[in-house]
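Enquirer: I need the structure of the sequence given here:
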Amino acid sequence: DSLKISNGKWMWWSRGIGGRSALDYLIKVRDYTFMEAVETIAGLAGVKPPVALPAKMQTEKKLLLPEPCRYQTRLVSYLRGRGIDGEIVDFCLRTGRVYESGRYHNAVFVGKDREGKPRYAAIRGIMTDFIGDASGSDKNYSFSIPAEGNSQEVHLFESAIDLLSYATLLKMDGQDWRKEHLLSLAGVYQPAKEIRQSKVPMALSRFLKEQPEVQRIVFHLDNDRAGRSATEAIRMVLPEKYDTEDIPPPRGKDCNDYLCIQLGI
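Expert: Reported below is the predicted structural model:
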């Protein structure tokens, strides 16, 4: 009578006793000895049927892109100010790879899947030092410009601005900047402490699966400690079937630095 069990605790009000465990209950209410109570609990635990848990659902990330600005004048001025060729800027605007956000007037660099659906967005301040990714960004799909036709070569960069700078350098040199695949790694790649345990960056791994014809990978990562160690690690863990080459910028920290040096800006 008057025994209440709630939230893992019990209270026998007519007797004025209570407890916090099954062990307390068996000893104080059922008059078990300590050993009998322990054996009972252990025995029940041993025959307890397994609990079926629902399989973890894998849900696709939902990318929340910033609203675009009606006019892209600040973005164009920003990119041109960093030396990016006007034709390349126009191409990125036309294909939805780059745009200016409406509220904060940031530069938004969009990564798309093979169907052209936006899956990633890097946000960079035009008039501030802000750096971030849009909510729901999937780094398997970082900013890239695939080759116009079939290509067996992909060039790697840390950031979107370095990729666009390299494309500009190719055009300045009279070369076709749409001839080879251009892929950014969505920022600095961090190798494992034990370099041989590093993994191929998600964006590169996904790209190589979707472009099985690629045989050569050219690295253009930064001329700093992070860029050099990342290049070494990725080249080490890539499958041996790929031919790799490291071509860092001849001068400056990164491709954009080198472009600006070449242009004198």
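
Enquirer: which parts of the stretch 151-265 of the chain are strands?
Expert: For the stretch 151-265 of the chain, the strands defined by DSSP state E, counting those that start in this stretch cover 153-157, 181-184, 216-219, 243-246.

Enquirer: for the chain, which helix or strand comes out least confident on mean pLDDT?
Expert: Ranked by mean pLDDT, DSSP states H and E, the weakest helix or strand in the chain is helix 34-47, scoring a mean of 72.

Enquirer: tell me what the helix or strand just after it is packed against?
Expert: Next along the chain after helix 34-47, taking DSSP states H and E as the criterion, comes helix 73-81. Using 3 or more Cβ pairs under 8 Å, 6 or more residues apart in numbering; DSSP states H and E as the contact test, the elements touching helix 73-81 are helix 86-94, strand 98-100, strand 107-112. C-beta coordinates here come from the backbone N, C-alpha and C atoms, glycine included.

Enquirer: just the CA coordinates for helix 73-81, please, in PDB.
Expert: Taking Å, rounded to 0.1, in the frame of the first residue of the first chain, the C-alpha atoms of helix 73-81 are listed here in PDB:
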ATOM      1  CA  THR A  73      28.800  46.300 -58.400                       C
ATOM      2  CA  ARG A  74      30.800  45.900 -55.100                       C
ATOM      3  CA  LEU A  75      31.600  42.300 -55.900                       C
ATOM      4  CA  VAL A  76      32.800  43.100 -59.400                       C
ATOM      5  CA  SER A  77      35.000  45.900 -58.000                       C
ATOM      6  CA  TYR A  78      36.400  43.600 -55.300                       C
ATOM      7  CA  LEU A  79      37.300  40.900 -57.700                       C
ATOM      8  CA  ARG A  80      38.700  43.200 -60.300                       C
ATOM      9  CA  GLY A  81      40.700  45.000 -57.500                       C
END
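
Enquirer: and the strands of the stretch 151-265 of the chain: which comes nearest D138?
Expert: Shortest distance between D138 and the strands of the stretch 151-265 of the chain, using Cβ to Cβ, is found for strand 181-184: 14.0 Å.

Enquirer: among the strands of the stretch 151-265 of the chain, which comes closest to G16?
Expert: Closest among those, once you apply Cβ to Cβ, is strand 181-184, at 71.2 Å.
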